[in-house]
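A.B. asks: After the sequence you'll find the predicted model.
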Number of protein chains: 2
Amino acid sequence: MGSLLQRRQYLLILLCFFVFLWESRTAESRTLYYRWEVKSELKSPDCFKKLTLTINGRSPGPTIYAHQGDTVIVELKNSFVTENVAIHWHGIRQIGTPWSDGTEGVTQCPVLPGETFKYQFVVDRPGTYLYHAHYGMQREDGLYGSIVVWLPEGQTEPFAYDHDRNLILTDWYHKSSHEHSAGLAAPGSAFNWVGEPDSLLIQGRGRFNCSLGASATCNSSSPDCVLYPITVVPGRTYRLRVSSLTSLSALSFQIEGHTMTVVEADGHYVEPFQVSNLFIYSGETYSVLIKADQNPSRNYWITTNVVSRNSTTPLGLAIFNYYPNHQRKFPPTTPPAGPAWNAVAPRLAQSHAIKARQGFIHPPPKAADKVIVLLNTQNTVNGRRRWSLNNVSFNMPHTPYLIALKNNLLHTFSQAKPPTGYDFKNYNIFDPPPNPEATVSDAIYRLDFNSTVDIILQNANMMALNTSETHPWHLHGHDFWVLGYGEGKFDMFKDPSKYNLVNPIMKNTVPLHPFGWTALRFVADNPGVWAFHCHIDAHFFMGMGVVFEEGIEKVQKLPTSIMGCGESKRFIRP
Amino acid sequence: MGSLLQRRQYLLILLCFFVFLWESRTAESRTLYYRWEVKSELKSPDCFKKLTLTINGRSPGPTIYAHQGDTVIVELKNSFVTENVAIHWHGIRQIGTPWSDGTEGVTQCPVLPGETFKYQFVVDRPGTYLYHAHYGMQREDGLYGSIVVWLPEGQTEPFAYDHDRNLILTDWYHKSSHEHSAGLAAPGSAFNWVGEPDSLLIQGRGRFNCSLGASATCNSSSPDCVLYPITVVPGRTYRLRVSSLTSLSALSFQIEGHTMTVVEADGHYVEPFQVSNLFIYSGETYSVLIKADQNPSRNYWITTNVVSRNSTTPLGLAIFNYYPNHQRKFPPTTPPAGPAWNAVAPRLAQSHAIKARQGFIHPPPKAADKVIVLLNTQNTVNGRRRWSLNNVSFNMPHTPYLIALKNNLLHTFSQAKPPTGYDFKNYNIFDPPPNPEATVSDAIYRLDFNSTVDIILQNANMMALNTSETHPWHLHGHDFWVLGYGEGKFDMFKDPSKYNLVNPIMKNTVPLHPFGWTALRFVADNPGVWAFHCHIDAHFFMGMGVVFEEGIEKVQKLPTSIMGCGESKRFIRP
């Protein structure tokens, strides 16, 4: 009897403890629940009517606003007619939830029309992140948006501002991504490539010149293409989150007459520095502080312009609107043209300038356990234009790696070890590839769990003489330390001594400049399978990526919702 | 010991017997094995470059030539980037193989990119059949082709000809089916509908007038748009198989200066009759005999023109090429304009003229066990334009019916009984619908196995005053007897007495003429689930169809290859 009472008391205490745990948990973190529906709809983001992929009717989709530690649940309903979908949460490391990374072919099967897929993950760090389709080239058709993660209530940033605003920069084609991918996959694709973007969009809006002859489908008075305004109150300071999800273009971003102080990059605090224009590459996010300290009787242009390519695409425009001027009132000035497209030095200088903020430095491990050098080249495979790393062009398999590895379906992809370097001695990075024919492979890099890995991205000349493009490289599942950038060929014996091991910034996306190199370090401590690729949609589609596996044995039981394609179709037992 | 010997002898005799069976089987019927790859490629079928869905690089895809009794196996590889696919074998009844009917949502889950799906079926009757995508509106983008089934070797047709030729007629849009379906699904879709086709194609080729202002994407010297030639030797007789897979258009087909004798319709022999032009509706196939008996020193136009709609689409053209004139030599004449679009009487007359050929009559059952009257109306649902039957607009579920019914997943679709009639007394078919708002439903008609079912298709006025379109209705899994056509409102008490029960033709597709009715009879003797729908892609997409189930308990174990979507995703057990 006494024993029973004791047991009851014990259970009661245990119950109270759990209630307390639950309460304290809910006090700190919430679960944010979203219901999204993706559709293909006719929209006119730059006044030209085009089939646009929308979320709940919008492109960009709804911004996710969360606090650090919150759990985000997105129930994604695919309402396309014949197309599948998958959404990647760009910059979210998916610790413990590698199946929610949304990378079709790597972490999940695609979501079929009519089906609803549940993404669930924790946003464990404050900062500016993104989401976008990660299937075929759907991102290019408008399926993207922002994730803003604030500090927990009561905590403050190490910089002061009055208001928080958000802009996503993109480029935009009037041809569909279906047309692009068909053109890229065709033989002689160099000649089928549709060329430069038609417009640059700021927060999903731009202005194509309808007088260029597409009257039936271009309507300059469409409400879809009213230039996006950022309204500011004179004297106040704004934190502007600026992200790029361009398909192709490297951009310079500027606000006419205003300097910007860079304070955050990819979710990490930056030792503040001022710029008059911000260079930004696809997949990057920044926060800049701007004081509304100019003549308040007028509006100012917000502009983007293409750099690194000699592009014919006109400036992207938005309005920096001083209250109480009308939001739609064009500034009296000509929009600033931005820096020269081919000036690499200022871009490299900005890359060098981005360091971790004092007091928020995460020092990197002193040395790497493994070094992988990736020579970035343009190539051909069977008469088709491709991109390769160490002469291997990536090909996505149809059984996602995460499923294949957890379920021992090792026959579904090559078990070869992809090359960790190239012929450093003899390869001239300033010449077109002497042997342009590349190998296609779906082999992956299998990393030792918790090992420290250095990646040296080495740029080179493309197929045409004297050309080398900027490639923004994005790593899933991790942040990496940016150890350094350099010009020319990376020297394994000399250049590592110049690495910044003191205050390197951590990022998830980093540019590889023309004819240059970029060195990164990360710790392979996140069990799962992770893509690392050029964030230019078309380049990844043409093979410019690799995949890392680490700690697969530590990954928990996979949800069956990610299965159903490739060899995992054999798991169907009615 | 003696017993063992006897057993061995017995087994030997049994083995010989099976070898004999196998031999006799292979002597009669073969297995035809095809490997197809579907892709999305830039093609210029009418000189205007458009993303076209191809099979092994071609649109139309390869023609399947088989003999009656052959087994056809098509291993279909989906090489689209983000789109699924399913292919329907139009006119093949799929007796014993209902899972090979290729109707996404009804008989299978769609086939994912990168996957290979095996269709296997017996072509059990000679005649002219078709195949085409049956998913979303993909057919419209070029995914279609012909199936020609010959009599077994040694047997002859009841009509004589020297050569066998084949033509598929289509209409063609420069906008993609994605744009169409997005337009149709949008609110106020009546205004978003992209209008008349840009071209009519004959065997996948036509000629758009490039001077109409699309210079960058229109190239009148593209080899893709060389007019298709049918080369004939003077004096010989040709069996020309003419099929229509238009998205929208009812057509008149003619060969300048030549009369045609109609001898086959949808795989059934027709009591021969002559026409100068053949009216043909989407989903129909005909064989006509043509004697090359005209002046052989020149070529002649083959033309198609739109009827039943006041269309702006120019004539479709091909060349009836008298050997040895050059195949590309245009005839010296102006192509014949064809009959007036709005003359219903000659079309009705042709419908009446098509009877089963003497000696090949399959008499229908004398009476029906069940009569279903389907009032065809244009409607609205939540501000969107739809089509309905008895005010119910069909909505495809995402768990295919065949899987749902065999696996008792009855919660995946409405278990209501759809209406078998409408308010016959009070409904005025010459007025727009008084209550245009329709109900959307995925309920199906469950038929008693082996019962005889009559379907009365009743046309009516559309949403606009004084308009009624032609709807070609196609039944999967069966042929039906065409009991009669009439003008105005079908009278259940008087009109059945006029049914042709003597020599009705059997078909799988039949027109419902403007403001008229069409009566069909079929026997529900094919275990499975079968769609019955308007063959205009856009109309079915907007709800103009129903589904029949019969003998589901007699369907053999379903292949798991058709599963993996909707609720059948729950069958995944790793």
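C.D. replies: Received, thanks.
A.B. asks: Identify the residue nearest the closest residue to chain B within the stretch 101-250 of chain A in space, chain neighbours excluded?
C.D. replies: Closest approach between the stretch 101-250 of chain A and chain B, counting by C-beta to the nearest C-beta: A:Gly114, at 3.2 Å. To be clear about C-beta, it is placed using only N, CA and C from the backbone, and glycine gets the same treatment. Computed as C-beta to C-beta, 6 or more residues apart in numbering or on different chains, the closest residue to A:Gly114 that is not its neighbour in sequence is B:His398, at 3.2 Å.
A.B. asks: residue contacts, that neighbour?
C.D. replies: Counting by C-beta atoms under 8 Å, 6 or more residues apart in numbering or on different chains, B:His398 touches A:112-115, B:105, B:412, B:565-566.
A.B. asks: now swap in A:Trp301 and tell me
C.D. replies: Counting by C-beta under 8 Å, 6+ apart, A:Trp301 touches A:255-256, A:317-320, A:331, A:333, A:335-336.
A.B. asks: Let's see that with 10 Å instead.
C.D. replies: Shown in contact with A:Trp301 (C-beta atoms under 10 Å, 6 or more residues apart in numbering or on different chains): A:227, A:254-257, A:315, A:317-320, A:330-331, A:333-336.
A.B. asks: Report all helices and strands that the strand or helix carrying A:Gly183 contacts.
C.D. replies: Taking DSSP states H and E as the criterion, A:Gly183 maps to helix A:177-185. Under the contact definition 3 or more C-beta pairs under 10 Å, 6 or more residues apart in numbering or on different chains; DSSP states H and E, helix A:177-185 sits against strand A:50-55, helix A:189-192, strand A:384-389, helix A:537-541, strand B:31-43, strand B:50-55.
A.B. asks: Which one of these lies nearest to A:Asn508?
C.D. replies: For the helices and strands packed on helix A:177-185, proximity to A:Asn508 was assessed by C-beta to C-beta; helix A:537-541 is nearest, at 15.1 Å.
A.B. asks: does any part of stretch A:566-574 sit near chain B?
C.D. replies: Yes - against chain B, stretch A:566-574 shows contacts by C-beta under 10 Å from any C-beta of the partner chain at A:566, A:568-574.
A.B. asks: Could you pull up the mean pLDDT of that stretch?
C.D. replies: Average pLDDT, stretch A:566-574: 95.
A.B. asks: Show me which residues of that stretch are buried.
C.D. replies: Of the residues in stretch A:566-574, A:566-569, A:571-572 count as buried by neighbour count, 16 or more other C-beta atoms under 10 Å in any protein chain shown.
A.B. asks: coming back round to it: could you measure from the residue nearest to A:Gly114 over to B:Val555?
C.D. replies: 20 Å (C-beta to C-beta, to the nearest Å).
A.B. asks: again with A:Tyr300
C.D. replies: To B:Val555, A:Tyr300 is 69 Å away according to C-beta to C-beta.
A.B. asks: okay, these two: which has more neighbours?
C.D. replies: A:Tyr300 (26 against 20; other C-beta atoms under 10 Å in any protein chain shown).
A.B. asks: My guess is that one contacts A:Ile319. True?
C.D. replies: Yes - shown here, A:Tyr300 and A:Ile319 form a contact pair, counting by C-beta atoms under 10 Å, at 7.7 Å.
A.B. asks: quick one, what contacts A:Asp479?
C.D. replies: A:Asp479 sits in contact with A:91, A:93, A:125, A:266-268, A:362, A:505-509, A:520, A:522-523, where contact means C-beta under 10 Å, 6+ apart.
A.B. asks: How about A:Arg328?
C.D. replies: A:226-227, A:229, A:299, A:319, A:321.
A.B. asks: Write out the residues of the stretch 101-250 of chain A neighbouring chain B.
C.D. replies: A:104-105, A:109-110, A:112-116, A:133, A:135-138, A:141, A:175-186, A:192, A:213-214, A:217.
A.B. asks: In three-state terms, label the closest residue to A:Gly421 other than its chain neighbours for me.
C.D. replies: Closest residue to A:Gly421 apart from its sequence neighbours, by C-beta to C-beta, 6+ apart: A:Val373 at 4.3 Å. State at A:Val373, reduced to three classes by DSSP: H, G, I helix; E, B strand; the rest coil: strand.
A.B. asks: what's the burial count for A:Val373?
C.D. replies: Applying other C-beta under 10 Å, we find 20 other residues in the vicinity of A:Val373.
A.B. asks: do the same with A:Pro339
C.D. replies: 16.
A.B. asks: For the residue lying closest to it once chain neighbours are set aside, which residues are in contact?
C.D. replies: For A:Pro339, ignoring the flanking residues on the chain, the nearest one in space by C-beta to C-beta, 6+ apart is A:Ser252 at 5.4 Å. By C-beta under 10 Å, 6+ apart, the contact list for A:Ser252 reads A:275-280, A:303-308, A:315, A:336-341, A:343, A:346-347, A:350.
A.B. asks: can we see that at 7 Å?
C.D. replies: A:277, A:279, A:304-305, A:307, A:338-339 (C-beta atoms under 7 Å, 6 or more residues apart in numbering or on different chains).
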